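K.L.:
Any chance you could fold what I've pasted below:
(3 chains)
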Amino acid sequence: MNTSKIKLNTENIVGIVMFIGLFVYPLFVSSYQVLNLSYFLSMVFLSMSLALIWGFCGIFSFGQAAFFGIGGYFYAILTMNIGISAFTPVGLIVGVLVGAAIAWVLGYFMFYGGVNDVFVGLITLCLTVVLETFMGQTAGSEWKIGEIGLGGFNGIDGIPTISFGSFMLTGINFYYFILFILLVVYVGLRYLGISKFGYTAIAIRENRERTKLFGYNVPKYQTTIFAIGGGLASLSGILYATWGSYITPSSFGLTAATLPVVLVAAAGRKNITASVIFTIAYYWFSQSLSASGSEYALVILGLGLVLVILFVPEGIVVALFKWIDQLVFSRIRKKPTIKLKEKEKVHGHSIN
Amino acid sequence: MNQLKNSNIFLVLTLLLSLFLAACSSGSSASDGSEEKIKLGVLEDVSGDFSLVGVQKLHGTQLAVEEINENGGLLGKEVEIIAPDTQSDNTRYQEMARKLILDDKVDAIMGAYSSASREAIRPIMEKNEMLYFYNNQYEGGVASKYTFATGAIPEHQIETLVEAMMEEYGSRFYTISADYNFGQISADWFRTIVEERGGEIVNEEFIPLGESQFGSTISRINEAKPDVLVTLLVGQEQSSFYGQWALEGNTDIPMATTVNMVQGYEHLRYEAPALANMYVTATFMEELASENETAKEFVDKFYEKFPDDEYVGMEAEAQYSGVKLWAKAVEQAGTTETDAVIEALESGITYDGPAGPVTIDPATHHAIRDVYLAYSDKEHNITFPRKWEAVEPYWLSTEKGVNLAEKDDFSQYTPID
Amino acid sequence: MSIFGFIYQYMDNFAFLILAAIGLAVIFGMMGIINLAHGEFIMLGAYITTLATMAGIPLFISIALSALLVGIYGFIIDRLIISKLYGRTLDSVVATWGISMIMAQGMLIIFGPSIQGVGTPLGSLSIGGENYSVYRILLFVIAIAVLGVIYWVFMHTKFGLQSRATMQSQEIARSLGVNTNKVYSLTFMLGAAFAGLTGGLYAPTMAVSPSFGNSFLMQSFVTVIVGGSNPLIGTFLSGGVLGFVNSALNMIWGTFYGRLGLLIVAIIVIRLIPLGFSGLVEKKLMRGRDA
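P.N.:
Here you go, the predicted model:
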């Protein structure tokens, strides 16, 4: 397989068109719309982190919300205690590293201990809810780190925006900042998917035992990927916290923990582009429903998810990609090697 | 196989799209963007855990605005409500607050039920210099240039309640409260006021939000044998306490609260005697209709417009009066511009509400209100043994030196800082 | 607190954990499906009991009705949705999440944010100056009885035999002539019925609202996680241990630590014995047989 050339298929074209679209979007809409889209984009990192660990490596985690919250809280406590705006970019980087480090420790604890499959999901779910329960009860004035009260259920507000010197990242600047990071991370993940490291991760997803017998240190790969995922989720949390100047324990809640899983599964978990598009679409969709004030909003959202999973199990965006691929590219080029892979999947384990 | 799959994708996409369009067209019918209307943004929970109160408050707004429009509107213009559903979710509050301010360009915003949701949107209001009414009972202490809190606060509810309970029953108090800012700060208030008056807090317990099992808490209360049990429980799950208390608790101990019955009508939702022997200090509740002619009028109007509603609680009235106060200030200012309306509100404006006059205290942006002591007996019949007239929100101005008419402020003060 | 007081608290917690978890445990253990709509199934049961009692049907018949109707509802959901997802465990997470959203909001639209509750029957018992709810003691007895029923169903009926076979190896069971799809359907129905029963049983003790099920969710997941895949042994043991941890921490430090304790025990257990208590017991039994 030739890795250096970008293949002409729907996913890549959509990916490129999407980034161009996002780049010119602020030219056509109000500043509110831009602000709003920067919120959606900051949540995309959370979905990507799960698409990475689950889609690539087969690690099923409910814990991305935990790293999201850890990132947000860590950034808030660190930057607010220091109180110098020039420090905020450092806070961002350190926050991401801390998220990754905690994920690495947790991953080490799990993967080297032989915890796998659905049990990773369960352990991370518990961890997430522990964090929510704990942060939820910190409303008392005795819960302070440095100068900053943890605030319990109300959370922390007044979190500083990221600024480089006197250049504050607000409004359109914040949007392009996020978009830039998104582009870097997206390209990075796409590249990872076709690198040797990425193929090893995919091999682990498809068959852990066999990969191990080939001499790969499976827990090491799993832990590394899990740590990268933790860092990405943490980045998402920091961006979210700066967007609203606000973070609360509900970002660790049961709902928050399951939402990324639902989004990535419905989009098509083995495809990064799909989860990016679907996350933006979902947030837009659910926000529009909420803004309409309709009491049917949540019913429609629920129904949509059930329909998607029932009728297009591989994920709606991925299914669309494939369909357009067939329609447009099958005439230009011979069918790619997807067929073989699908056959193999039938023999794979049901839980991965 | 592929053929089938393709038709599936289309089926799902069409279904989703049509559902979405159906929902949006049913919800936001009146946003044709005509410049002639005055826009009032409302942020209340129509779904989720807090919808029990959120729906009452939304209806209170709709009733008030309908009356304003029937009487020729405001400054000759029609008032339009824009009310997204905040779904009991604090992030939604932020998203929707931004949308109301930046996209819909509303003239004022009313809303939020829990303290957490208020604190989520208050910084956004301040940053965008948006006039904001928090028409809700709360833990007090918010001093903000743009925020007007027309609901009951500790001066109205806790000082009066402690006074009445100490005179009647004794000085040993036991408090159980919801474990978040509202509960923590309210418990601090109780401690401060009880101790000031020479009483004693025998124990203070904080219950995690969403808890519904109270066995161990009840046995601790029984063991402590306080003179008064203060319950500051929030949300549907926590209100399960009362059913369990009626069976396992020592029901000779009177209960006192500032939130239950008046908001979530627990006395109607639970079979008696779950809330027997319970006191609450209220600025309004539906049963006041039997005492007070204007209250009865309000309750009748409410049920006429919303015949399916189950209760007209304290916050429905607070929201209604809040809208009326705002309307009065807009008329007085002759414009909807924020600074002018704030100035009008700070002129000591008064509205004769369903349960007595509501006056804005210029220094604190809180309300001067009448307060009633309500009591529920074994059959859950409500009586009003006592009334305090024109209780003032003095604490921020006398203890903390806040004077918003003179000096801007954007913080929340608590009794122990 | 008196000794009996502690025992009472323990019984109360044990019953709550068992009843909260049992429907989830049956579905997870036998089918491998994580049913995120479990809380909503419980909520549905609570509504049925409350509405039926309000309509004049005696409480205990209403509770039985809850189990029956939620069971039937579960069967319909299975035929319509879940049956299409057999063997696709994680897709069922998305589907059940969607179902839970529809049910909670649907209930809110139909009945509003709350309905009038039914009082707790049977009054209270006074021992040593302390009051104890008789109904809560009954709940403990029912929790034990439910475990008994599960034992009987899975060990002494043809369905039980087939479902255990299916759980061990779906392919072999099928090749031996077991209609595994039917077994799955019935299992899902049974799990739903238990959830309905739980809802009905707790309806008279709690506020009935569309978020009723949320009270059970965390406890039910923790119990199932700690218990492992065997709904009988696992649920019983984890209910026993967690009930003790919860009651003790509740008594010493208060409600918050009781809750935190549950979660921390769960994390430790998954790390040390990933298959939960039932995995541990089964391993011991296997070893016994081999020797």
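K.L.:
and residue A:210, how many neighbours?
P.N.:
Around residue A:210 there are 11 other residues, counting by other CB atoms under 10 Å in any protein chain shown. In short, each C-beta sits where N, CA and C put it, glycine included.
K.L.:
and the gap between it and residue A:204?
P.N.:
Distance, residue A:210 to residue A:204, by CB to CB, to the nearest Å: 9 Å.
K.L.:
got it, and residue C:229?
P.N.:
Where residue A:204 is concerned, residue C:229 sits at a distance of 24 Å (CB to CB).
K.L.:
Settle it for me: which of those two has more neighbours?
P.N.:
Neighbour count, other CB under 10 Å: between residue C:229 and residue A:204, residue A:204 has more, with 24 against 19.
K.L.:
That one: which element?
P.N.:
helix A:196-206 (DSSP states H and E).
K.L.:
Would that helix count as contacting chain C?
P.N.:
No. Using CB under 8 Å from any CB of the partner chain, we find that helix A:196-206 stays clear of chain C, coming within 12.7 Å at best.
K.L.:
Pull out the buried positions in that helix.
P.N.:
A:198, A:200, A:201, A:202, A:203, A:204, A:205, A:206 (16 or more other CB atoms under 10 Å in any protein chain shown).
K.L.:
and if you look at stretch B:189-208?
P.N.:
Of the residues in stretch B:189-208, those buried (16+ other CB under 10 Å) are B:189-194, B:199, B:201, B:203-208.
K.L.:
starting at the chain centroid, how far to it?
P.N.:
Averaging C-alpha positions (CA atoms, centre = their mean, to the nearest Å) puts stretch B:189-208 23 Å from its chain's average.
K.L.:
and the end-to-end length of it?
P.N.:
Stretch B:189-208 has its terminal residues 19 Å apart, counting by CA to CA, to the nearest Å.
K.L.:
looking only at pLDDT, what's the mean for it?
P.N.:
Stretch B:189-208 carries an average pLDDT of 89.
K.L.:
and if you look at stretch A:246-259?
P.N.:
83.
K.L.:
so does it get close to chain C?
P.N.:
Yes. Applying CB under 8 Å from any CB, one finds stretch A:246-259 touching chain C at A:254, A:258.
K.L.:
what about that stretch and chain B, touching?
P.N.:
Yes. Using CB under 8 Å from any CB, we find that stretch A:246-259 touches chain B at A:246, A:248, A:250, A:251.
K.L.:
Would you indicate which residues of that stretch are buried?
P.N.:
In terms of neighbour count (16+ other CB under 10 Å), stretch A:246-259 has its buried residues at A:246-254, A:256-259.
K.L.:
In the chain, where's the longest helix?
P.N.:
With no chain named, the answer covers chain A. If you go by DSSP state H, chain A has its longest helix at helix A:218-244.
K.L.:
nope, chain C please
P.N.:
Max-length helix for chain C by DSSP H is helix C:3-31.
K.L.:
What's the mean pLDDT across that one?
P.N.:
On average, helix C:3-31 scores 85.
K.L.:
circling back: name the nearest of the buried residues of helix A:196-206 relative to chain C.
P.N.:
residue A:205 (12.7 Å; CB to the nearest CB).
K.L.:
The closest one contacts residue A:56, correct?
P.N.:
Yes. Counting by CB atoms under 8 Å, residue A:56 is a contact partner of residue A:205 at 6.5 Å.
K.L.:
quick one on the thing from earlier: got JSON lines for the buried residues of helix A:196-206, with pLDDT and distance to chain B too?
P.N.:
Output for the buried residues of helix A:196-206, formatted as JSON lines (pLDDT from 0 to 100; distance: CB to the nearest CB, whole Å):
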{"residue": "A:198", "pLDDT": "88", "distance to chain B": "27"}
{"residue": "A:200", "pLDDT": "89", "distance to chain B": "31"}
{"residue": "A:201", "pLDDT": "89", "distance to chain B": "28"}
{"residue": "A:202", "pLDDT": "89", "distance to chain B": "24"}
{"residue": "A:203", "pLDDT": "90", "distance to chain B": "27"}
{"residue": "A:204", "pLDDT": "89", "distance to chain B": "29"}
{"residue": "A:205", "pLDDT": "89", "distance to chain B": "23"}
{"residue": "A:206", "pLDDT": "87", "distance to chain B": "23"}
